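K.L.:
can you look at this prediction? I've put the sequence above it.
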Amino acid sequence: MFYDIFVQALGLIPSVICFTSLQSGSRKRILMLQVVCSVMWIAHYGLLGAFTAVLTNVVNIARAGICYCNDRPWAKSSAWVAGLVCAYGACAALTWAGWTSVLPCWSMMLTTVALWTHDMKKTRLLFLLNSPPLVLYNFMIGSWACLAVELCALASFVLAVWRFDLRGARRAA
């Protein structure tokens, strides 16, 4: 029982940090918090035996590093997006445990493209689309803490798309 609570807390803490990190005024601080979260998620998902999520979080650390340095010429190339998308695909292939292995990888691919684009409408849509695969994956592997926070994130994405893209578009028409 204590072990199960510990494992779920190990998923809840970084999920809450990630969810609230956007309140930080510093992009660099957000990226550093993302690395801290990924390290904790690696432990959480590892204890659950969800090795696709472990590997995707390793790639997430690399992605945060690239984004942290994107003021330098070497990190501005769109080739990084293609490379990261391929790396997430490799995560699914290397840890293949059936079609559930695709879910976190697909989600992280969408997240990577969302973070790269400068069109907020596309960014919101991609974040909306990235959430359902994670909801399903967390449900299937028993990551209840991450599932709860991901459901909150999904509700937030739905609200953002409705407020800015659907309702705003109707008002403009």
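P.N.:
Good, I have the coordinates.
K.L.:
rest of the way, CA atoms for contacts and neighbours
P.N.:
Will do.
K.L.:
pLDDT below threshold where in the chain?
P.N.:
The chain contains residues with pLDDT under 70 at 22, 168-170, 172-173.
K.L.:
where along it do the helices fall?
P.N.:
Taking DSSP state H as the criterion, the chain contains helices spanning 2-21, 27-48, 51-68, 79-94, 102-116, 120-141, 144-160, 167-172.
K.L.:
let's have those helices in JSON lines, adding mean neighbour count.
P.N.:
Formatted as JSON lines, the helices of the chain follow (neighbours: other CA atoms under 10 Å):
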{"stretch": "helix 2-21", "mean neighbour count": "17"}
{"stretch": "helix 27-48", "mean neighbour count": "19"}
{"stretch": "helix 51-68", "mean neighbour count": "21"}
{"stretch": "helix 79-94", "mean neighbour count": "18"}
{"stretch": "helix 102-116", "mean neighbour count": "22"}
{"stretch": "helix 120-141", "mean neighbour count": "19"}
{"stretch": "helix 144-160", "mean neighbour count": "18"}
{"stretch": "helix 167-172", "mean neighbour count": "10"}
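K.L.:
thought Tyr68 was touching Arg29?
P.N.:
No: Tyr68 lies out of contact with Arg29 (CA atoms under 8 Å); the separation is 9.3 Å.
K.L.:
tell me the spacing between Ser38 and Ala79.
P.N.:
For Ser38, the distance to Ala79 equals 23 Å [CA to CA, to the nearest Å].
K.L.:
one more: Leu147?
P.N.:
Computed as CA to CA, the Leu147 to Ala79 distance reads 32 Å.
K.L.:
cool, and Cys152?
P.N.:
32 Å.
K.L.:
likewise Gly142?
P.N.:
Distance, Gly142 to Ala79, by CA to CA: 35 Å.
K.L.:
what does Thr111 give?
P.N.:
16 Å.
K.L.:
next: Arg27.
P.N.:
Arg27 is 22 Å from Ala79, by CA to CA.
K.L.:
list the contacts of Leu147.
P.N.:
Neighbour list for Leu147: 134-135, 138-139 [criterion: CA atoms under 8 Å, 6 or more residues apart in numbering].
K.L.:
closest one of those to Pro104?
P.N.:
Among those, Leu134 lies closest to Pro104 (CA to CA), at 5.8 Å.
K.L.:
so that closest one is in contact with Leu151, correct?
P.N.:
No: using CA under 8 Å, Leu134 makes no contact with Leu151, being 9.2 Å away.
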